[in-house]
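K.L.:
here's my sequence, what's the structure:
(chains A and B)
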Number of protein chains: 2
Amino acid sequence: MKFLHTADLHLGKIVSGVSMLAEQEYILAQITNIAEEEQVDALILAGDLYDRAVPPADAVKVLNDILVKWNVELGIPIFAISGNHDSAERLAFGSQWYESSKLYMKGKCTSQFDGIPFMDAEVWLVPYHEPAIIRQAFADNSIRSFEDAMQAVTKQIRSKWDTSKAQILVGHAFVSGGIPSDSERQLAIGNVDRVSTDCFDGFTYTALGHLHHPHAIRHPSIFYSGSPLKYSFSEANDHKSVRIVELEGKELISVTERFLTPKHDMRIISGTLAELTENLVENPDDFFQVNLMDEGALIDPMGKLRQFYPNILHLERKKQTLKETQDSFEEIMKKDDLELFGQFFEHVNGTELTETQKQKLADVFEQARKEDAE
Amino acid sequence: MKFLHTADLHLGKIVSGVSMLAEQEYILAQITNIAEEEQVDALILAGDLYDRAVPPADAVKVLNDILVKWNVELGIPIFAISGNHDSAERLAFGSQWYESSKLYMKGKCTSQFDGIPFMDAEVWLVPYHEPAIIRQAFADNSIRSFEDAMQAVTKQIRSKWDTSKAQILVGHAFVSGGIPSDSERQLAIGNVDRVSTDCFDGFTYTALGHLHHPHAIRHPSIFYSGSPLKYSFSEANDHKSVRIVELEGKELISVTERFLTPKHDMRIISGTLAELTENLVENPDDFFQVNLMDEGALIDPMGKLRQFYPNILHLERKKQTLKETQDSFEEIMKKDDLELFGQFFEHVNGTELTETQKQKLADVFEQARKEDAE
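P.N.:
Have a look, this model is predicted:
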């Protein structure tokens, strides 16, 4: 058996005000080509199909169209779950009808998990869930953490599975030690949202979604596919892919990456305004974070850069190395206004105040003090 | 062939801040019973399944559950379209999978309308559409009005239909002469949103949604089912129902109403506060508009009434008959403040100012004038 594992499509996502929908349609078509070339027996979508609970209507159309393409036109069985960005109820709508054509879409966790027999395997769909959902569904008040919840779920699964078959779990969770990117919207404080790899002991292949880096975790049988597109600049160095997973009987034979080429890459470039506008970097219509290395004030750098790089999403000015030691409160209190402002100016701009600037500021402070006194 | 025609479920509707979802589940269960008793061959849902484009998640669940009940569990074919309250794209999601179990859900109008062969009939699904949708789909700039659009659609249908079969049109539109209720949210000015009955010439049965009164129009083959529940007090006198339609071959044999009994009725009651709180009307937990007939001021009448009638949605004070003739501007200018206020008081309260009230007011005016002069 051979299947394609992807996740975190985030259809309808908007990055820095720019809709990713055209990029997403482009990459979905590429996934279609890979699925056809590889002649996979099934597709796994491990959550976050949409970017939000109520996706825009055009994102709804894109998901419908690609599922029709894969499942109805190409006849590929699909195993899909909802992620933390999806609305479990909305995604679950219609799932009773989908099953007749082997589109298995599980939106909500319930008290009973049932394996879906598929070729030499059983597939277990475990949608994203807060601990409270499982606590309630299992009527077990001892379930407090994400770890408790996942342990309870997989314990139930192990009590039911057919050990003569390969066991595939499709989940959407944050495995301890995994490397998150900026686009997963960290909401949890500390590590309460983590689950250990132990939860998935015994599964032949655990197909995860949630973390966007394709190598967010290193484990022989637990894999994040990573998102098919970069959704934040912390993913700029990722090479996005989908995974092709092969099993022979109940043995996992190979897990390979098929790389994806985005319509527009998401990259970080650095240089002075002059350098970047005189010598254009390759593919200037990619999505850029530009780190401008100029010192001092610049007039409308974004306007100037946009003439050459239409898709700049983010502009950063050169970061100065901060002073390692910070002044103590007492030291700060000793300084006068001009000294304090000079320090702030240097921190932000990386240069000291010139004598002229100092003089002008001194005049301003003097003026302000006079007005205060009146 | 025998089918059940309903429309305008408006799942998720909120009336005066009160969710109708429990009422809706109750009435849907009643429709299920009727469908089973009548052993209908199909169900028609003529639009406005939801109350808004993005319905709340619990309304999504209610629609999914009832469609599963009707179509999957009871095996009843369903013909459904989107209404003006629905999002065509969102409702259309998944429709490709539904068809295999004869759930025909049409969200969007396209350039081609195709009949669905069903027993001795062809069924044509015509979702709600603004004229611009058909103008674009048909690439016909002469389509300007709702009438033009519907004429174009039904002209195309007539060019394709099989005249040896019964022809059933499922639509969501405002037919000229139809009687609207307050809950259809009139947005059009004048009659531009109307279509004539001529549009539906030749159809054996036209199953409409949009107007909520079950007898919004009188015509031998064009019928509104009306909404299954009252959604405004202008519908208080309706007796809500679903229609059971029988055909024999291509002949329309009978159109009957099966009445529905809501969990809580929506009624208008009148009386003084004393009357209504001393002699309770029947079914005091119905949804009420209360017309209070008391004159003069009342302290917290809503609070007092709610102790007996928990589900009051609207309270109105007795309307006084307005003076037929209005004073001319010159006459008004001649009156002093006290006279003018007295007139206003009488208009609102239906009683004249007492001598004490007049004296107090005169004092207030005097005081105000003094302060003004200072």
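
K.L.:
flag every residue of chain A that's near chain B.
P.N.:
Proximity of chain A to chain B, by CB under 8 Å from any CB of the partner chain, involves residues A:53-54, A:57-58, A:60-61, A:63-64, A:68, A:71-72, A:87, A:89-90, A:92-94, A:96-98, A:100-101, A:103. C-beta: built from backbone N, CA, C; applies to glycine.

K.L.:
find the nearest non-adjacent residue to A:Leu63, please.
P.N.:
Nearest residue to A:Leu63, sequence neighbours excluded (CB to CB, 6 or more residues apart in numbering or on different chains): A:Leu11, at 5.4 Å.

K.L.:
can you flag which of the residues of chain A next to chain B belong to strands?
P.N.:
A:Leu103 (DSSP state E).

K.L.:
out of the residues of chain A next to chain B, which are buried?
P.N.:
A:53-54, A:57, A:60-61, A:63-64, A:68, A:71-72, A:87, A:89-90, A:92-94, A:96-98, A:101, A:103 (16 or more other CB atoms under 10 Å in any protein chain shown).

K.L.:
which regions of chain A sit below the pLDDT cut-off?
P.N.:
Scanning chain A for pLDDT under 70 picks out A:184-190, A:319-328.

K.L.:
show me the helices in it, by range?
P.N.:
Along chain A, counting by DSSP state H, helices occupy A:21-38, A:57-67, A:88-92, A:95-98, A:131-137, A:146-160, A:273-278, A:301-306, A:329-334, A:337-349, A:355-373.

K.L.:
what's the closest of the ones you listed to A:Lys108?
P.N.:
A:Lys108 sits nearest to helix A:88-92 of all the helices of chain A, at 4.4 Å, using CB to CB.

K.L.:
can you show me the CA trace of that closest one as CSV?
P.N.:
Written as CSV, here are the backbone C-alpha positions of helix A:88-92 (Å, rounded to 0.1, in the frame of the first residue of the first chain):
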residue,chain,number,x,y,z
ALA,A,88,-15.2,20.4,13.7
GLU,A,89,-19.0,20.8,13.2
ARG,A,90,-18.7,22.6,9.9
LEU,A,91,-16.1,20.2,8.4
ALA,A,92,-18.2,17.2,9.6
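
K.L.:
list of residues touching that helix?
P.N.:
Contacts made with helix A:88-92 from outside it, assessed by CB atoms under 8 Å, 6 or more residues apart in numbering or on different chains, are listed as A:49-50, A:53-54, A:82, A:105-109, A:127-128, B:57-58, B:60-61, B:64.

K.L.:
just want the residue of the stretch 251-374 of chain A that's nearest chain B.
P.N.:
A:Lys263 (23.4 Å; CB to the nearest CB).

K.L.:
check the burial of that residue by counting its neighbours.
P.N.:
The local packing of A:Lys263 (other CB atoms under 10 Å in any protein chain shown) involves 17 other residues.

K.L.:
how close does it sit to A:Met20?
P.N.:
10 Å (CB to CB, to the nearest Å).

K.L.:
contact partners for A:Ala81?
P.N.:
Actually, residue A:81 is Ile. It isn't Ala. A:Ile81 is in contact with A:45-47, A:105-107, A:125-128, A:170-172, A:209, counting by CB under 8 Å, 6+ apart.

K.L.:
same deal with A:Pro214?
P.N.:
So A:Pro214 contacts A:Tyr224, A:Ser225, A:Gly226, A:Asp238, A:His239, A:Lys240, A:Ser241, A:Arg243, A:Glu257 (CB under 8 Å, 6+ apart).

K.L.:
repeat the analysis, applying 6 Å as the threshold.
P.N.:
The neighbours of A:Pro214, taking CB atoms under 6 Å, 6 or more residues apart in numbering or on different chains as the test, are A:Gly226, A:Ser241.

K.L.:
what do you get for A:His210?
P.N.:
Contacts of A:His210 by CB under 6 Å, 6+ apart are A:His172, A:Ala173, A:Phe174.

K.L.:
so what does it have for phi and psi?
P.N.:
phi 130, psi -60 (degrees, to the nearest 10).

K.L.:
quick check: bridge partners of the closest residue to it other than its chain neighbours?
P.N.:
Among residues not flanking A:His210 along the chain, A:His172 sits closest, at 5.1 Å (CB to CB, 6+ apart). Bridge pairing for A:His172 (DSSP bridges) gives the partners A:Gly209.

K.L.:
any idea how far B:Leu91 is from A:His172?
P.N.:
Using CB to CB, one gets 27 Å for the distance from A:His172 to B:Leu91.

K.L.:
same deal with A:Glu73?
P.N.:
Look at A:Glu73 and B:Leu91: by CB to CB, they are 22 Å apart.

K.L.:
what do you get for A:Glu122?
P.N.:
Separation of A:Glu122 from B:Leu91 (CB to CB) stands at 34 Å.

K.L.:
re the thing from before, what would the helices of chain A look like in TSV with distance to B:Tyr26?
P.N.:
Listed next are these as TSV, based on distance: least, CB to CB, whole Å:
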stretch	distance to B:Tyr26
helix A:21-38	40
helix A:57-67	30
helix A:88-92	20
helix A:95-98	22
helix A:131-137	25
helix A:146-160	35
helix A:273-278	66
helix A:301-306	58
helix A:329-334	67
helix A:337-349	65
helix A:355-373	71
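
K.L.:
how long is stretch A:259-271 from one end to the other?
P.N.:
Terminal residues of stretch A:259-271 are spaced 29 Å apart (CA to CA, to the nearest Å).

K.L.:
A:Ile44 is in contact with A:Ser5, correct?
P.N.:
Slight slip there: residue A:5 is His, not Ser. Yes. Using CB atoms under 6 Å, A:His5 is in contact with A:Ile44, at 4.5 Å.

K.L.:
any idea how far A:Arg158 is from A:Asn141?
P.N.:
A:Arg158 is 22 Å from A:Asn141, by CB to CB.

K.L.:
out of these two, which sits in the busier spot?
P.N.:
Per other CB under 10 Å, whichever of A:Arg158 and A:Asn141 has more neighbours is A:Arg158, with 13 against 8.

K.L.:
tell me, how many residues neighbour the closest residue to that one other than its chain neighbours?
P.N.:
Spatial nearest neighbour of A:Arg158, excluding adjacent residues (CB to CB, 6+ apart): A:Gly202 at 6.3 Å. Applying other CB under 10 Å, we find 14 residues neighbouring A:Gly202.

K.L.:
swap in A:Glu251?
P.N.:
The number of residues packed near A:Glu251 is 10, by other CB under 10 Å.

K.L.:
roughly how far does it sit from A:Glu257?
P.N.:
20 Å.

K.L.:
contact partners for A:Leu305?
P.N.:
Neighbouring residues of A:Leu305 by CB under 6 Å, 6+ apart: A:Ile312.

K.L.:
gap between the residue of the stretch 151-300 of chain A found nearest chain B and A:Ala7?
P.N.:
Closest residue of the stretch 151-300 of chain A to chain B, CB to the nearest CB: A:His172 (18.3 Å). Taking CB to CB as the measure, A:His172 falls 7 Å from A:Ala7.
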